[in-house]
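# With the sequence up front, the predicted model follows.
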Amino acid sequence: YLIDKGNHRHFMEKEIHEQPEAISHALGHYVDFLEHAVRPVAGSIDFAKVPSLAISACGTAYLAGLVGKYWFERYARLPVEIDVASEFRYREIPLNPESAALFISQSGETADTLASLRYCKEHGLKIGAVVNTRESSIARESDAVFPILAGPEIGVASTKAFTCQLTVLAALAIGAGKARGTLTAADEKALVRHLAEMPRVMAGVLNTIQPSIEQLARDLSKCKDVLYLGRGTSYPLAMEGALKLKEISYIHAEGYAAGELKHGPIALIDENMPVIVIAPHDRFFEKTVSNMQEVAARGGRIIFITDAKGAAASKLETMATIVLPDVDEVIAPMIYSLPIQLLAYHTAVFMGTDVDQPRNLAKSVTVE
Ligand code: G6P
């Protein structure tokens with residue numbers, strides 16, 4: 001990895017486009033493509049023996065952890081306690097010393113995440129670090145280090161580190177499912193085959209969605225507020241979409257669980273606030289579409305991010321529909337990260353903000 005922008009205007013743009021390659025590196029470390037199996041990771045946590053898992057992190061890394069919770073619970077039937085590190089460290093969470101804890105951090109130096117790690121260590125938990133920097137404090141103080149192998153990330157807004165964190169968490173959750181007997185060898189094989197498709201699918205998406213995203217970004221750059229909705233693993237992704245947009249374009253954005261629409265944000269719906277709905281054609285699709293209908297019935301404008309099946313199944317009129325390839329549920333969060341990153345990026349470019357160094361933000365927060 002060269003630390004220059006290459007042919008790109010910003011590091012963020014370059015890092016978005018590096019994702020197929022970065023994910024290939026991460027996959028190569030965790031997955032055996034010949035055997036279609038996850039590799040046993042050295043110094044690993046024995047997921048078969050732990051009664052539960054704690055996860056803590058900040059910012060984008062926390063949202064990767066939230067996707068990870070869905071995976072550990074679904075594939076490994078492992079209950080996950082998760083919180084942002086600034087709350088986790090002070091909540092006085094009763095922790096089981098037989099459990100394990102995962103700390104996710106690109107830099108490996110975030111002060112609150114490190115403090116949460118130390119809290120878990122004091123309570124006797126086995127500690128795992130999902131980090132981009134193996135020489136970092138968080139890596140050094142952990143029992144097991146799970147590198148994300150994303151290469152240096154310079155843009156303050158995290159992109160390739162997020163999708164590599166997701167990739168590692170998916171591999172760990174599948175490995176945990178295998179160890180706990182909640183996934184069969186056939187399940188593992190199928191899931192690994194889907195993971196292996198990611199670099200190719202991502203490259204295809206990056207090559208094709210740019211024009212439609214740029215057009216949409218022009219409209220978004222005129223908005224004051226944007227709402228993102230998603231269900232299941234698309235819910236953390238909705239929050240990540242909102243976080244990316246507010247970080248670099250300074251447009252106010254909120255990410256909500258689609259089912260919570262009627263418990264608050266529906267009051268805000270009008271023609272001035274676009275609603276970005278992240279809805280692959282998965283087992284939640286019909287429910288999310290019914291939330292979209294509630295938005296449409298109140299004159300809300302919808303930006304629909306879905307796949308070919310989803311686009312065909314929904315009869316709703318939208319402001320725009322971004323159609324991604326039909327992919328398995330396990331890789332949808334990584335694939336759907338691309339349009340939300342590009343949308344935030346191009347909106348910020350239209351607004352003329354300092355994309356790589358947004359105001360008031362730091363790449364690594366080493367103070368509380
Ligand atoms: C800062 C960065 C975010 C990042 C968060 C956690 O707020 O601006 O992009 O997600 O810290 O950083 P870490 O290095 O622990 O992943």
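Sure, I can see it. Residues are numbered from 1 along each chain as shown.

# hey, let's count contacts and neighbours off CA atoms from now on
OK.

# list the contacts for the residue nearest the centre of the chain?
Among the residues of the chain, A64 comes closest to the average C-alpha position under C-alpha atoms, centre = their mean, at 4.2 Å. When contacts are counted by C-alpha atoms under 8 Å, 6 or more residues apart in numbering, A64 touches 162-163, 165-166, 236.

# go on, K49?
K49 makes contacts with R180, as judged by C-alpha under 8 Å, 6+ apart.

# same thing with L237?
63, 67, 230, 278, 333, 336-337.

# same thing but 10 Å
60, 63-64, 66-67, 228-231, 243, 255-257, 278, 332-334, 336-337, 340 (C-alpha atoms under 10 Å, 6 or more residues apart in numbering).

# ok, and which of those residues reach the ligand?
With the criterion set as C-alpha under 6 Å from any ligand atom, the members of the contacts of L237 near the ligand are T60.

# Isn't V67 up against L166?
Yes - at 7.4 Å, V67 counts as touching L166 under the criterion of C-alpha atoms under 10 Å.

# which neighbours do those two share?
Residues touching both V67 and L166 by C-alpha under 10 Å, 6+ apart: P333.

# In terms of neighbours, single out the busier of these two.
Set side by side, V67 and L166 show unequal neighbour counts under other C-alpha atoms under 10 Å, the larger going to L166 at 26 against 20.

# Can you pull the residues of this protein lying near the ligand?
58-61, 105-108, 110, 156-158, 361-365.

# I'd like to know which of those are part of helices.
In this view, these that belong to helices under DSSP state H are 59-61.

# Any chance of those in TSV with distance to L95 and pLDDT as columns?
Written out in TSV, the entries for these read as follows (distance: C-alpha to C-alpha, whole Å; pLDDT from 0 to 100):
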residue	distance to L95	pLDDT
G59	23	97
T60	24	98
A61	22	98
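
# Tell me the buried residues within the residues you listed.
By neighbour count, with 16 or more other C-alpha atoms under 10 Å, these hold 60-61 as buried.

# Can you tell me which of the ones in helices among the residues of the chain next to the ligand is nearest I174?
Set against I174, the nearest of those by C-alpha to C-alpha is A61 (19.4 Å).

# Which residues are in contact with that closest one?
By C-alpha under 10 Å, 6+ apart, the contact list for A61 reads 84, 103-106, 130-131, 158, 161-163, 165-166, 240.

# where do the strands sit along this protein?
The residue ranges that make up the strands of the chain, judged by DSSP state E, are 31-32, 37-38, 53-57, 80-84, 100-105, 126-131, 144-147, 225-230, 252-257, 275-278, 302-307, 320-324.

# now the ones you listed as JSON lines including mean pLDDT, mean neighbour count and distance to A170?
As requested, the strands of the chain are exported to JSON lines (pLDDT from 0 to 100; neighbours: other C-alpha atoms under 10 Å; distance: least, C-alpha to C-alpha, whole Å):
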{"stretch": "strand 31-32", "mean pLDDT": "96", "mean neighbour count": "19", "distance to A170": "11"}
{"stretch": "strand 37-38", "mean pLDDT": "96", "mean neighbour count": "24", "distance to A170": "10"}
{"stretch": "strand 53-57", "mean pLDDT": "98", "mean neighbour count": "26", "distance to A170": "14"}
{"stretch": "strand 80-84", "mean pLDDT": "97", "mean neighbour count": "19", "distance to A170": "14"}
{"stretch": "strand 100-105", "mean pLDDT": "98", "mean neighbour count": "29", "distance to A170": "13"}
{"stretch": "strand 126-131", "mean pLDDT": "97", "mean neighbour count": "26", "distance to A170": "12"}
{"stretch": "strand 144-147", "mean pLDDT": "96", "mean neighbour count": "23", "distance to A170": "12"}
{"stretch": "strand 225-230", "mean pLDDT": "97", "mean neighbour count": "24", "distance to A170": "19"}
{"stretch": "strand 252-257", "mean pLDDT": "97", "mean neighbour count": "21", "distance to A170": "21"}
{"stretch": "strand 275-278", "mean pLDDT": "98", "mean neighbour count": "27", "distance to A170": "20"}
{"stretch": "strand 302-307", "mean pLDDT": "97", "mean neighbour count": "23", "distance to A170": "21"}
{"stretch": "strand 320-324", "mean pLDDT": "96", "mean neighbour count": "19", "distance to A170": "20"}
